[in-house]
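Novice: Okay, predicted coordinates and the sequence, questions at the end:
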Amino acid sequence: MSLMEISQPTVDRLDQDNNLSDPSVVTKYTTGADIANAVIKQLLPLVVVGARIIDVCSQGDAMILAETSKVHKKGERGIARPTCLCVNNLVRNSTPVDDNEAVTLKDGDLVKIDLGVHIDGYISALAHTTIVTSNPSSPISGPQADVVCAAHYASIAALNLLTPGVSSEEITQAVTGIAAHFNCTPVHSTFSRQVKRFLLNGGNSIANSTEPEHADAAAAESYTPFEVEAGDAYVLDIVLSTGSGQVKDIHQQRPNVITRDVNRFYNLKHQSSRKTLSAVASTFSVFPFPTRSLLALDRTHRIGVQECLAHSLLVPEWMQIEQSGQYVARFAMTVLVRPTSAGGPLRITAADLQLPYVHSEIDIGTSQYADTISGKKTRSTKSKKAIAAPASSMDLS
């Protein structure tokens, strides 16, 4: 059971828990970030021709659990987002349930890896795009190169703009404009989100698209433009496509990823279902988890999970897919917002990952956002809030 469930935090408690001027809070973010960065660096060399997606995902989750078990031993820690590998036009939540769904990577596959770590509920997440190639000395060109360049440059522009006083709409316009420069489109219903302790969606959201139809009805209704404030944490999540950006859910017999709704209650009728829900609560806290990990605890959970899903105690996160023949690229990073006087946005994940070797015929230098990408043009205002330096750092080998 999570600390989030046993107490209903007051506004004062929420402010205290998410106070980035507290060195211990920043240290928990950066400790999780160190683990997330180290894990994805170990996974990237495994993304090769013939590799099985289920094996890479399983290894990623195992690495996160192994490394988080070494820190913050008196509190919660572990997986905030399970390791997922999405190939070509797959967008998210691809982490196979069992060997029957095993898929192997092929030469030329465009692969998105995403994962998240939490230390005491403080979330550090990231996503990265790479391309499987049997000839790494030769650059990839064409639509794959265009969408990779577009997503990468859009993520850098969003990072540089994430400063106090900047409107979320300005960030959205930059992402959309850079995508259009490369003849690409933001994927519908994708957002960069504010994160708070135990909350992957902690309030403010920055849409990737300026088009209202690019958000589902629920997301559009809850989306409100805002100004960035110092002292907040975000997962900037840029997802672009060579196609229309329209995606659909893949409804399988069993979802790959599940989240428990801690605010929903129902008197389950079957003992197997109660056993499953208890196992979820004690093992996975409030964060999404792979169905594969639940079934690894006890194969009989495949029965109990059905009633839990039927009554929305457990919520499926379905795989999403773009149109066949299109490519989707994704780059995500966790950022702590600091005043400009304190150094600007602090990127704590995905800062030094190897980019795929691509060559696009489109020159980013001719984009109206070239100065934003280079850091020559940002908007900011002063803020009294500050972010403390972490109390310590952590190295992983």
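Specialist: Looks like it came in fine. Numbers count the residues shown, from 1 in each chain.

Novice: all helices for the protein, in order.
Specialist: Ranges of helices in the chain, per DSSP state H, are 3-6, 11-17, 23-43, 53-68, 143-161, 168-181, 217-222, 271-284, 291-297, 301-310, 370-374.

Novice: Which of these sits closest to residue 344?
Specialist: Residue 344 lies closest to helix 143-161 among the helices of the chain, at 8.0 Å (CB to CB). Where you see a C-beta, it was placed from the backbone N, CA and C, and this is true even at glycine.

Novice: which other helices and strands contact the closest one?
Specialist: strand 110-119, strand 122-131, helix 168-181, strand 233-241, strand 328-336, helix 370-374 (3 or more CB pairs under 8 Å, 6 or more residues apart in numbering; DSSP states H and E).

Novice: Out of the ones you listed, which one sits most buried?
Specialist: strand 233-241 (a mean of 28; mean count of other CB atoms under 10 Å).

Novice: mind checking how far that one is from the chain centre?
Specialist: 7 Å (CA atoms, centre = their mean, to the nearest Å).

Novice: Adjust the sequence numbering to begin at 45 for everything that follows.
Specialist: I'll keep to 45 as the first residue from here, and by that count the last item is strand 277-285.

Novice: Pull up the gap between the closest residue to residue 107 other than its chain neighbours and residue 397, please.
Specialist: Spatial nearest neighbour of residue 107, chain neighbours left out: residue 83 (4.6 Å); criterion: CB to CB, 6 or more residues apart in numbering. Distance of residue 83 to residue 397, given as CB to CB, to the nearest Å: 12 Å.

Novice: And those two? Which one has more around it.
Specialist: More crowded of residue 83 and residue 397, by other CB atoms under 10 Å: residue 83, with 25 against 17.

Novice: okay, that one: pLDDT?
Specialist: Residue 83 carries a pLDDT value of 98.

Novice: Check residue 427 too.
Specialist: The model's pLDDT for residue 427 equals 40.

Novice: just residue 262 next, same as before
Specialist: You'll see residue 262 listed with a pLDDT of 54.

Novice: Then residue 247?
Specialist: At residue 247, pLDDT is 90.

Novice: wouldn't it be in contact with residue 240 here?
Specialist: Yes. Shown here, residue 247 and residue 240 form a contact pair, counting by CB atoms under 8 Å, at 7.0 Å.

Novice: More neighbours: which of the two?
Specialist: Shown here are residue 247 and residue 240; by other CB under 10 Å, residue 240 has more neighbours (19 against 14).

Novice: Could you give the bridge partners of that one?
Specialist: Applying DSSP bridges to residue 240 gives these bridge partners: residue 243.

Novice: quick one: it from residue 225, how far?
Specialist: Per CB to CB, residue 240 is found 33 Å from residue 225.

Novice: What pLDDT does the model give the residue lying closest to residue 217 once chain neighbours are set aside?
Specialist: In space, and not counting its chain neighbours, residue 217 is closest to residue 254: 6.0 Å by CB to CB, 6+ apart. What the model reports for residue 254 is a pLDDT of 79.

Novice: now do the one 5 residues further on
Specialist: Residue 259 is assigned a predicted lDDT (pLDDT) of 48.

Novice: Over to residue 384?
Specialist: At residue 384, pLDDT is 84.

Novice: Burial check on residue 343, number of neighbours?
Specialist: Neighbour number of residue 343 under other CB under 10 Å is 10.

Novice: ok so, going back, save the helices and strands packed on helix 187-205 as a markdown table, and put in distance to residue 120 and mean pLDDT too.
Specialist: Shown next, in a markdown table, are those (distance: least, CB to CB, whole Å; pLDDT from 0 to 100):
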| stretch | distance to residue 120 | mean pLDDT |
| --- | --- | --- |
| strand 154-163 | 7 | 98 |
| strand 166-175 | 10 | 98 |
| helix 212-225 | 30 | 97 |
| strand 277-285 | 18 | 98 |
| strand 372-380 | 18 | 98 |
| helix 414-418 | 38 | 94 |
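
Novice: Throw those into CSV and include distance to residue 406, thanks.
Specialist: Shown next, in CSV, are the helices and strands packed on helix 187-205 (distance: least, CB to CB, whole Å):
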stretch, distance to residue 406
strand 154-163, 17
strand 166-175, 17
helix 212-225, 7
strand 277-285, 13
strand 372-380, 14
helix 414-418, 12
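
Novice: So which of those is nearest residue 322?
Specialist: Among those, strand 154-163 sits nearest to residue 322 (CB to CB), with 21.2 Å.

Novice: Give the other helices and strands that the closest one contacts.
Specialist: helix 67-87, helix 97-112, strand 121-131, strand 134-136, strand 166-175, helix 187-205, strand 372-380.

Novice: Swap in 6 Å and give it another go.
Specialist: Applying 3 or more CB pairs under 6 Å, 6 or more residues apart in numbering; DSSP states H and E, we find strand 154-163 packed against helix 67-87, strand 121-131, strand 166-175.

Novice: Among the ones you listed, single out whichever gets nearest to residue 272.
Specialist: For residue 272, the closest of those is helix 67-87, at 17.4 Å, according to CB to CB.

Novice: If we go by neighbour counts, what in the closest one is buried?
Specialist: When burial is assessed from 16 or more other CB atoms under 10 Å, helix 67-87 yields the following buried residues: 69-84, 87.

Novice: ditto for stretch 388-405
Specialist: Neighbour-count burial for stretch 388-405 [16+ other CB under 10 Å]: 388-394, 397, 400-402, 404.
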